[in-house]
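Engineer: sequence and computational prediction follow.
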Amino acid sequence: MKKALLTPLFLAGSLASTALFAAEPAKPAAMPAEMQQMMKMYTPEMRQKAMALSPELKKTIQQLHAQHTRRAKETTLRQIMHEILADYQAIASALATDNAEAASEAARRLAGHRIPKGGLLPYFPLNQINDADLGVLPSMNTIVEGSALKLADAADAGNLPLAATYMSEVMNGCIACHAKFRGVPGVSANLISAPAK
Ligand code: HEC
């Protein structure tokens, strides 16, 4: 009986201390520790939307974050996107110059991009912070990063023609995610009507 009581207490205590988590409502099972930390940076509106996600989707986001070991301190998603674009271009120039090692390295760097400050969610429109819209994230991840890793493996095996075929797979992922979550880049407030999407 004593043991049965102590175990959950111990678990709750260690969860609270690893998460440095005191003020938020207690939902440790549904809210992975890193997301709790990230949510402290959110506005009340964004936090409310994130809290309302299903436990499954929170877990999915946590898994996506966990696949990336590098964390940005201040860098935004848009800045990291530019790093990803630079890596993509580095792969193209490596393939074009018969440099399998550089192609593989750039592709693995792309797949292992840093997670921006606050994670991905705060950079998405508020009205897309729901299970249905965010449910596409794992497939976006698979097409972009899965294909980049296949490209790296092909380059490591010295098969540059095969590696090159994954370039379009990766780019299809970029395009699909932008079509869903990104507005029109760089819209000017000084135009009467925004460019059509
Ligand atoms: C998970 C969805 C997602 C994927 C996958 C994705 N992007 Fe993005 N990207 C975004 C979002 C959202 C923005 C807008 C971020 C902002 O403005 O805060 C963005 C912005 C950008 C920008 C900044 C300039 C602009 O046009 O807004 C570049 C460059 C970019 N992405 C390149 C890429 C490349 C290259 C890939 C594929 C290798 C890629 N992205 C894959 C979601 C994605």
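Structural biologist: Perfect, thanks for sending it.

Engineer: next up, phi/psi of the residue sitting nearest the centre point of the chain, please.
Structural biologist: The geometric centre of the chain, computed from its C-alpha atoms, lies nearest to residue 120 (Cα atoms, centre = their mean), at 5.3 Å. Geometry field for residue 120 lists phi and psi as phi -80, psi -40, criterion degrees, to the nearest 10.

Engineer: so who does it touch?
Structural biologist: Contacts for residue 120 were tallied using Cβ atoms under 8 Å, 6 or more residues apart in numbering; they are 61, 64, 77, 137. To be clear about C-beta, it is placed using only N, CA and C from the backbone, and glycine gets the same treatment.

Engineer: mind running it again at 10 Å?
Structural biologist: The neighbourhood of residue 120, defined by Cβ atoms under 10 Å, 6 or more residues apart in numbering, consists of 38, 61, 64, 65, 77, 80, 134, 137, 181.

Engineer: kindly report the same for residue 126.
Structural biologist: 43, 45, 46, 48, 49.

Engineer: what pLDDT does it get?
Structural biologist: On pLDDT, residue 126 comes in at 96.

Engineer: now, which of the contacts of residue 120 lie within helices?
Structural biologist: Assignment to helices by DSSP state H places the following of these there: 38, 61, 64, 65, 77, 80, 134, 137, 181.

Engineer: and the gap between the fifth one and residue 43?
Structural biologist: When you say that, I think you mean residue 77. Between residue 77 and residue 43 the computed distance is 16 Å (Cβ to Cβ, to the nearest Å).

Engineer: out of the contacts of residue 126, which are buried?
Structural biologist: Buried residues within the contacts of residue 126, defined by neighbour count using 16 or more other Cβ atoms under 10 Å: 46, 49.

Engineer: which of the contacts of residue 126 lies closest to the ligand?
Structural biologist: residue 46 (13.3 Å; Cβ to the nearest ligand atom).

Engineer: residues in contact with that closest one?
Structural biologist: 39, 118, 121, 122, 124, 126, 129.

Engineer: near the ligand, which residues of the protein show up?
Structural biologist: 77-78, 81-82, 84-85, 88, 123-124, 137, 140, 144, 170, 173-174, 177-178, 181-182, 185 (Cβ under 6 Å from any ligand atom).

Engineer: filter these down to the buried ones, ChimeraX style.
Structural biologist: Of the residues of the chain next to the ligand, the buried ones can be selected in ChimeraX as follows, counting by 16+ other Cβ under 10 Å:
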select :77,81,84,88,123,124,137,140,144,170,173,174,177,181,182
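
Engineer: related to what we said a few turns ago, distance of the residue nearest to the centre of the chain from residue 178?
Structural biologist: For residue 120, the distance to residue 178 under the criterion Cβ to Cβ works out to 14 Å.
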